[in-house]
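Peer 1: what's the 3D shape of this:
(2 chains)
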Amino acid sequence: RKEVEQDPGPFNVPEGATVAFNCTYSNSASQSFFWYRQDCRKEPKLLMSVYSSGNEDGRFTAQLNRASQYISLLIRDSKLSDSATYLCVSSGTSYGKLTFGQGTILTVHP
Amino acid sequence: GAVVSQHPSWVICKSGTSVKIECRSLDFQATTMFWYRQFPKQSLMLMATSNEGSKATYEQGVEKDKFLINHASLTLSTLTVTSAHPEDSSFYICSASRGDTDTQYFGPGTRLTVL
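Peer 2: Okay, the predicted model is just below:
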């Protein structure tokens, strides 16, 4: 079983839609969680950290459920520029080591 | 702040040659640098973790004699792919961490094609 699992998609949504991605992790000792965004042939860029209390940054809301070992990302009012691959990432017991999920492809169309 | 550069951004080489990729933290001192590899339509896989002045720690299945890592200073780490073969063709990405948090800053990546 992969340590971080995501539905690869692709998700094709119209502009203005709300879309949610889920991710599960298997290592209960994982300390921190993140969502990264990766555009085609580019490096990943940090979108947001994920906290148990939930956190929001503009149109993006992330949530962590430690009991279910599940992380979510909600994007409201999708823009064309949101089209990218969204990577769910955990930081495990080894300091600094990040484990990436396979990524979920999002395409926002006009 | 927290800019990481990589050089070269892309390289094409013949099978059997060695290729060196540089990763630099431009505006901060990186106590730890990480090297990842990403094959098409797959996620990033950590290859190794390097700390300045000490030997790199390689992930399981990554050959340390094939992927030589040197972290000679707090702003520079290099990855040398020795005797490259077509199956080594991939997107190699480095990241750097200050050490005070687990935030990693990623370089723009190096696309290696081995003919």
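
Peer 1: Contacts only, for the spatially closest residue to residue B:14 that is not a sequence neighbour.
Peer 2: Computed as C-beta to C-beta, 6 or more residues apart in numbering or on different chains, the closest residue to residue B:14 that is not its neighbour in sequence is residue B:115, at 5.6 Å. Bear in mind the C-beta positions are built from the backbone N, C-alpha and C, glycine included. Applying C-beta atoms under 8 Å, 6 or more residues apart in numbering or on different chains to residue B:115 gives the contacts B:12-15, B:86.

Peer 1: ok, of those, which come out buried?
Peer 2: Buried residues within the contacts of residue B:115, counting neighbours by 16 or more other C-beta atoms under 10 Å in any protein chain shown: residue B:13.

Peer 1: quick one: which of the contacts of residue B:115 sit in strands?
Peer 2: The strands, defined by DSSP state E, take in B:12-13 from the contacts of residue B:115.

Peer 1: What's opposite the most centrally placed residue in chain B in the beta bridge?
Peer 2: In chain B, the C-alpha nearest the mean C-alpha coordinate belongs to residue B:35, at 3.6 Å (C-alpha atoms, centre = their mean). Note on residue B:35: beta-bridge partners by DSSP bridges are residue B:48, residue B:94.

Peer 1: For residue B:75, which residues are in contact?
Peer 2: Counting by C-beta under 8 Å, 6+ apart, residue B:75 makes contact with B:24-26, B:29-30.

Peer 1: Tell me the one among these nearest to residue A:49.
Peer 2: residue B:30 (19.8 Å; C-beta to C-beta).
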